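Q: Requesting a structural model of the entry that follows:
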Amino acid sequence: MQGENPQPGAITSPPEPKEGVKERVAKYIPAEAIAVYMTLQGLVASADRTITAEYSWLPVVILAFGLAATAVYLWRSGKAGEPWVFHLIVGLVAFLFWVGLIGGEPINRLFPNDQHRQLLMGLLTTAFTIAAGWFAPGPNGWPRLTRD
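A: Okay, here's the model as predicted:
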C-alpha cells in the first residue's frame with residue numbers, strides 16, 4: 001500500500017537520478033553514429049582516386065546510412081515512456097551539424113568553400129550543442145526550457 005515502509009530485507013530500486021544538462025547533451029548528441037560516419041568517410045577519402053570516381057554515389061549512401069543508424073540507435077537506446085520523437089529530432093539535427101563540421105564529399109558539394117563551411121558549421125555546432133542541453137521533453141513530449 002502507498003505510504004507503507006518496505007518490508008525488512010525487501011529489494012527496492014534506488015530512485016532515478018534527475019537528468020541534468022550534461023546527461024541530456026550526452027544523450028542527444030549521437031557520438032557513436034558520428035564515429036561511424038567519420039570512419040566510413042575516412043575509408044572513402046583514403047581510397048584511390050579512380051575507385052572514388054567510379055563510386056561517386058558512395059558518400060551520399062554513407063550520409064544516408066549515418067542518418068538511418070542515428071535514428072535506429074536513438075530509438076533502441078531510449079527508455080520506455082521517454083518521448084523518443086523529441087530525442088530523434090534533436091539527435092538527427094545534431095548529427096547533421098556534426099557531419100557538416102567534419103565534412104566529407106556530400107558536404108563539400110553543398111559548401112565548396114571549405115573555410116566558410118568550417119567557420120559556419122563550427123559556430124552552429126557549438127551553439128546547438130550548448131543549447132540542446134537546455135531543453136528537456138515536457139509532459140506532453142514537446143521541448144521545454146529547463147534550468148537544471
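Q: Show me where the chain has its strands.
A: 135-137, 143-145 (DSSP state E).
Q: Quick one: mean pLDDT for the first one?
A: Read that as strand 135-137. Mean pLDDT, computed over strand 135-137, is 72.
Q: Can you give the strand pairings for that strand, parallel or anti for each?
A: strand 143-145 (antiparallel) (DSSP bridges).
Q: pLDDT averaged over stretch 93-111, what's the number?
A: The average pLDDT within stretch 93-111 is 79.
Q: quick one: buried residues of it?
A: Buried residues in stretch 93-111, counted by 16 or more other CB atoms under 10 Å: 94-107. All C-beta atoms are positioned from the backbone trio N, CA, C, and that covers glycine.
Q: so where's this structure uncertain?
A: 1-28, 48-53, 80, 113-114, 139-148 (pLDDT under 70).
Q: where along it do the helices fall?
A: Counting by DSSP state H, the chain has these helices, from start to end: 21-28, 31-46, 49-54, 58-77, 84-102, 105-110, 114-132.
Q: and among the ones you listed, the most buried is which?
A: Each of the helices of the chain was scored by mean neighbour count; the highest is helix 84-102, a mean of 19, by mean count of other CB atoms under 10 Å.
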